[in-house]
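Asker: kindly generate the corresponding structure for this input.
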Amino acid sequence: MNKAKVTAIKNLVNTVSGVNVDSRFKTDELVKARAMCYKIMRDDCFMTYTFIAKSFNKNHATIIHALKEFEWMIKFDKNMERMFVNIMNKWRQERADYEELSPFELKKQLNNLAEQNKMLNLSLINVQEQCEEVAKFTKKYSKIVSLIEKRNLPEQKLKEVETKLNHVLNGLQV
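Answerer: Model prediction:
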């Protein structure tokens, strides 16, 4: 899962900074973009210097140096600071997608999903039964409904028809 996090962080930094952090060049923009990657990987993902270094084909000392210099880079380059804040905001929204779950947590989520599936199936059966009842009702009273629909009655007339139907159904004289 760490490799997926590394790829996601690199892609995010590439997108926001407009450079490719895997490039073999050593321009100012690339150094700063890589430093932002290192900072996220170390401080937010708790990756080791060695792991981060291998992810970039660098030496672990390069990572340590970049992280020591990071605070100074941010302090004197406000554009880099804004970019880093932007990247961190986006990463905070995405990072949950890359969190590893223990087998216990996975089993718990699977059981919850199975329970939700059962409840949805019961709800579906209930809705199907209600649809059957409506279909029976519609079939039974289709002539009355079609007569009313054909007439295109205004709201007041519909209320009068409803009142008269209630009287008839309740046995009252109209």
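Asker: where along this structure do the strands fall?
Answerer: Using DSSP state E, no strands are assigned anywhere in the chain.
Asker: and for residue 172, the neighbour number?
Answerer: Residue 172 has 9 neighbouring residues, counting by other C-beta atoms under 10 Å. Backbone N, C-alpha and C define where each C-beta goes, glycine included.
Asker: in the least confident helix or strand in the chain by mean pLDDT, what's buried?
Answerer: Taking mean pLDDT, DSSP states H and E as the measure, helix 142-151 is the helix or strand of the chain with the lowest mean score, a mean of 77. Within helix 142-151, the residues that count as buried by 16 or more other C-beta atoms under 10 Å are residue 148.
Asker: residues contacting it, please?
Answerer: Outside of helix 142-151, the residues that reach it under the criterion C-beta atoms under 8 Å, 6 or more residues apart in numbering are 138, 157, 158, 161.
Asker: can you rerun that using 6 Å?
Answerer: If you take C-beta atoms under 6 Å, 6 or more residues apart in numbering as the criterion, helix 142-151 is touched by no other residue.
Asker: how far away from the center of its chain is it?
Answerer: Mean-position distance between helix 142-151 and its chain equals 47 Å (C-alpha atoms, centre = their mean, to the nearest Å).
Asker: show me the contacts for residue 32.
Answerer: Contacts for residue 32 were tallied using C-beta under 6 Å, 6+ apart; they are residue 80.
Asker: do you know how far it is from residue 103?
Answerer: The gap separating residue 32 from residue 103 is 40 Å, by C-beta to C-beta, to the nearest Å.
Asker: compute the inter-axis angle for the lengthiest helix in the chain and helix 142-151.
Answerer: Here the longest helix in the chain is taken by residue count, with DSSP state H as the criterion, and it is helix 103-140. The directions of helix 103-140 and helix 142-151 differ by 80 degrees, with axes from the mean of the first three to the mean of the last three C-alpha atoms, to 10 degrees as the criterion.
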